[in-house]
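[1] Structure here, sequence nowhere to be found:
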């Protein structure tokens, strides 16, 4: 929808998370101010395996101030695509939002919530996630979103719901446009002309379908709904969602439980070489080499064992 606006360009490939992760690594390599440019570019060369940042920076661009250079690169990419605003749709940025705001102080965040049961169902089906881990992730991300909204204020974060966007599309898009200080354009309502819907196997439909809001009711069992609500039921009302089972004792997963479920999930994925993944807004089958599946398991085990959250009191 936003990509249909004449002043907004949202690329298929997200880059914001990778930029922030590189930024977090910078202090490990820092030596002296006069080496800032070369030092940061060396990190890009080493870690930017898909060349997304390298492309954004227009190659090994001279850097005197990282934040200024990145801001200039973002505006250049937007202008190249005939827009004024460059958007990034990665939900993962919520985990790193303080760093992101520090790097891009003029940025604005559209925080979209969705019913936990629908979101978890999608994660289980599309990303092969354990249902309890998916529920905990929904809870963690939305708590961060609410906290950052309170911290940064309504001028930096605009909160809307997926359900509201589907039911009251024009009203919610007008709210976003006002937040971004741009005029509302009726072209945003026509998904049939959106680039995201043009491919034969496009994941995004050409029509807004309100039935998707309640699809989880027909696809999740009562047991699964209880599993989800037991973890997220205390947060759902704060976001406007009604729980089905109010007699449950709501409780987040302990870190130990999360670790065991993550390892169990990684073990299962060793035996799932072919998976559905999103590529260019289309779901495609992709083969994952055994070496990558094994490395993922080892990484999950290692990161989990050395994580400081073992020592947190919940």
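    Cool, the structure landed. Treat the numbers as computed from the prediction; the structure is a model and nothing was measured.
[2] For residue 104, grab phi and psi.
    Here the main-chain torsion angles of residue 104 (degrees, to the nearest 10) amount to phi -120, psi 80.
[3] burial count for it?
    18 (other CB atoms under 10 Å). For the C-beta atoms, the positions are set from N, CA and C on the backbone; glycine is no exception.
[4] show me the contacts for it.
    Going by CB atoms under 8 Å, 6 or more residues apart in numbering, residue 104 touches 67, 70, 71, 74.
[5] try it again with 7 Å
    Contact partners of residue 104, counting by CB atoms under 7 Å, 6 or more residues apart in numbering, are 70, 71.
[6] Start the count at 56 instead of 1 going forward.
    Let's use 56 as the start, then, which means that last one is residue 159.
[7] Against residue 125, how distant is it?
    Distance, residue 159 to residue 125, using CB to CB, to the nearest Å: 7 Å.
[8] again with residue 349
    The gap separating residue 349 from residue 125 is 35 Å, by CB to CB.
[9] and those two? which has more neighbours close in?
    Counted by other CB under 10 Å, residue 349 and residue 125 do not tie: residue 125 has more neighbours, with 22 against 12.
[10] what does the average pLDDT come to for the host helix or strand of that one?
    Assigned by DSSP states H and E, residue 125 belongs to helix 121-135. Per-region confidence: helix 121-135 scores 83 on mean pLDDT.
[11] can you check stretch 247-256 too?
    For stretch 247-256, the mean pLDDT works out to 64.
[12] And the helices in the chain, which stretches?
    Secondary structure of the chain (DSSP state H): helices at 71-84, 91-102, 107-111, 121-135, 152-158, 171-182, 186-207, 217-222, 224-235, 271-274, 277-287, 310-325, 345-360.
[13] what's the span of stretch 300-320 from first residue to last?
    By CA to CA, to the nearest Å, the extent of stretch 300-320 from end to end equals 27 Å.
[14] ah, wrong one, I meant stretch 151-163
    Start-to-end span of stretch 151-163 (CA to CA) is 14 Å.
[15] Please identify the buried residues of that stretch?
    Going by neighbour count (16 or more other CB atoms under 10 Å), the buried part of stretch 151-163 is 151, 152, 154, 155, 156, 158, 159, 162, 163.
[16] Off-centre distance for it?
    15 Å (CA atoms, centre = their mean, to the nearest Å).
[17] and if you look at stretch 136-156?
    Distance, centroid of stretch 136-156 to centroid of chain: 9 Å (CA atoms, centre = their mean).
[18] Give the residue spans of the stretch 106-255 of the chain that score low on pLDDT.
    By pLDDT under 70, the low-scoring segments of the stretch 106-255 of the chain are 106, 108-109, 113-120, 249-255.
[19] sorry, back to before: return the member of the buried residues of stretch 151-163 nearest to residue 170.
    Within the buried residues of stretch 151-163, the smallest distance to residue 170 is 22.4 Å, found for residue 152 (CB to CB).
[20] Quick check: that closest one touching residue 204?
    No. Look at residue 152 against residue 204 with CB atoms under 7 Å: they stay out of range, at 10.2 Å.
[21] Setting the sequence-adjacent residues aside, check what's closest to residue 220.
    Spatial nearest neighbour of residue 220, chain neighbours left out: residue 227 (4.7 Å); criterion: CB to CB, 6 or more residues apart in numbering.
[22] The one you found and residue 218 touch, don't they?
    No. If you go by CB under 7 Å, residue 227 and residue 218 don't touch, sitting 9.8 Å apart.
[23] do you know how far residue 149 is from residue 193?
    Distance from residue 149 to residue 193, by CB to CB: 11 Å.
[24] Ok, residue 314 next?
    On the measure of CB to CB, residue 314 and residue 193 end up 18 Å apart.
[25] Give me the more crowded residue out of these two.
    Counted by other CB under 10 Å, residue 314 and residue 193 do not tie: residue 193 has more neighbours, with 25 against 19.
[26] Identify the residue nearest that one in space, chain neighbours excluded?
    Once flanking residues are discounted, residue 193 sits nearest to residue 171: 4.8 Å by CB to CB, 6+ apart.
[27] For that neighbour, the count of nearby residues, please.
    By other CB under 10 Å, 25 other residues sit near residue 171.
[28] show me the contacts for it.
    190, 193, 283, 287, 291, 296.
[29] my guess is residue 181 contacts residue 331, does it?
    Yes. Contact criterion CB under 7 Å: residue 181 and residue 331 qualify, at 6.4 Å.
[30] now the most centrally placed residue in the chain: how far from residue 309?
    With distances taken as CA atoms, centre = their mean, the chain has residue 146 as the residue nearest its mean C-alpha position (1.3 Å). From residue 146 across to residue 309, the span is 24 Å (CB to CB).
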